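In: just need the structure, nothing else, for what follows:
(one chain, ligands or ions: 1)
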Amino acid sequence: MKDFKGKVAVITGAGNGFGVEIAKECAIRNMKMVLVDIEGEDVERTKKLVESMGAVAVSLTADVSLLEEVKKMVDITIENFGQIDLLFNNAGVAIPGYIWELPMRDWDWIVSINVMSQVYAMNLAIPIMLKQGTPCHIINTASVAGLITSDGMPAYHTTKHASVALSESVSYDLQKINANIKVSVLCPGFVQTDLHHYEKHRPERFSAVEDPYYQSDSFKMHQAIAEHVVTTGIPVDSIGMSVFNAIEDEDFYILTHPIYSTLIGKRVKDMLEGKGPDLKALRG
Ligand SMILES: NC(=O)c1ccc[n+]([C@@H]2O[C@H](COP(=O)([O-])OP(=O)(O)OC[C@H]3O[C@@H](n4cnc5c(N)ncnc54)[C@H](O)[C@@H]3O)[C@@H](O)[C@H]2O)c1
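Out: Below you'll find the model as predicted:
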């Protein structure tokens, strides 16, 4: 897709980080957009920002880890703009923690937002896009954590590998039916956003303040590591442009950190040679 003027974009996680950058790029291209986030004040701020850039935007406070809320998102898009051309399944959280400690509610939470929100949105938006027949593009935010693995965050890796696999599988099926819909999967390394403050976005149904895990040294250690890696990542301002370059060029994998290419190649080579995860080799 190269012509964006007047197209309709739906952006989840539009209140912070990547979502804001994507919304700004949509505004620059004179697109209309539906901005969705679980944090009402944050998504309103993004709406005001893109409106100040001349864009037409609708905001929705919604928890996209719930099918009903995703249905609302799609319905509101059709009610306001009559079509969906670009779907950015971007909302996500990065929950670290060892599998023998991380409470199961956190697994349920991360799977529901990082994977199921993308499943729900594609399930509901693709029939609309197929009916339209016009060029459409779906961009799922995964991570380089969906292409490689490391220690300390099995839940994040699991969901991001799922997002990559989901994107690849859906892309095959859309090709099989000659759909006018492209798919891309965004796989960045660490970027300076609000990602380490994920606890702020914990939906009520996963809350468990009385659980001692959230006061443990292990929890605090993982929080500190998350803060370090996110705050020392690359600046966020190049992400929107990387995404739109990929949409224009119809690139499937959007890789923003060339530094990880060696690790991706090494993982594939190790797999073919039957070599398993080696912490010493990972640490280099
Ligand atoms: N920042 C990084 O280093 C990095 C790297 C690779 C991938 N990612 C991925 O990028 C995506 C965006 O993250 P970010 O870095 O911009 O973080 P961020 O925390 O700055 O933004 C994420 C947004 O998603 C929203 N959100 C969270 N749960 C939600 C829910 N249930 N329903 C609706 N909205 C919800 C949050 O309120 C927040 O505004 C995530 O999927 C993340 O995993 C981030």
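
In: shaky segments in the stretch 1-150 of the chain?
Out: Along the stretch 1-150 of the chain, no part satisfies pLDDT under 70.

In: how about the residues of it near the ligand?
Out: Selection of the stretch 1-150 of the chain residues close to the ligand by Cβ under 6 Å from any ligand atom yields 12-13, 15-19, 37-39, 42, 63-65, 90-94, 113, 141, 143. C-beta here means a position set from N, CA and C on the backbone, and glycine is covered the same way.

In: keep only those of those that are in helices.
Out: Gly17, Phe18, Gly19, Asp42 (DSSP state H).

In: isn't Gly15 up against Leu49?
Out: No. Using Cβ atoms under 8 Å as the test, Gly15 is too far from Leu49 to be in contact (10.8 Å).

In: what's stretch 36-47 in contact with?
Out: Applying Cβ atoms under 8 Å, 6 or more residues apart in numbering, the set of residues contacting stretch 36-47 from outside is 10-16, 19-20, 23, 35, 57-64, 73, 91, 200-201, 203.

In: please apply the same query to stretch 193-201.
Out: For stretch 193-201, contacts defined as Cβ under 8 Å, 6+ apart pick out 16-18, 38-39, 93-95, 223, 226-227, 229-231, 233, 236.

In: what mean pLDDT does it have?
Out: Rounded to a whole number, the mean pLDDT of stretch 193-201 is 96.

In: near the ligand at all, it?
Out: Yes. Applying Cβ under 6 Å from any ligand atom, one finds stretch 193-201 in contact with the ligand at Thr193, Asp194, Leu195, His201.

In: what's the end-to-end length of that stretch?
Out: 14 Å (Cα to Cα, to the nearest Å).

In: how about stretch 149-156?
Out: This stretch, stretch 149-156, spans 10 Å end to end (Cα to Cα).

In: the protein: helices as residue ranges?
Out: Counting by DSSP H, the chain has helices at residues 17-28, 40-52, 67-81, 104-111, 117-132, 154-176, 217-231, 239-249, 261-272, 279-283.
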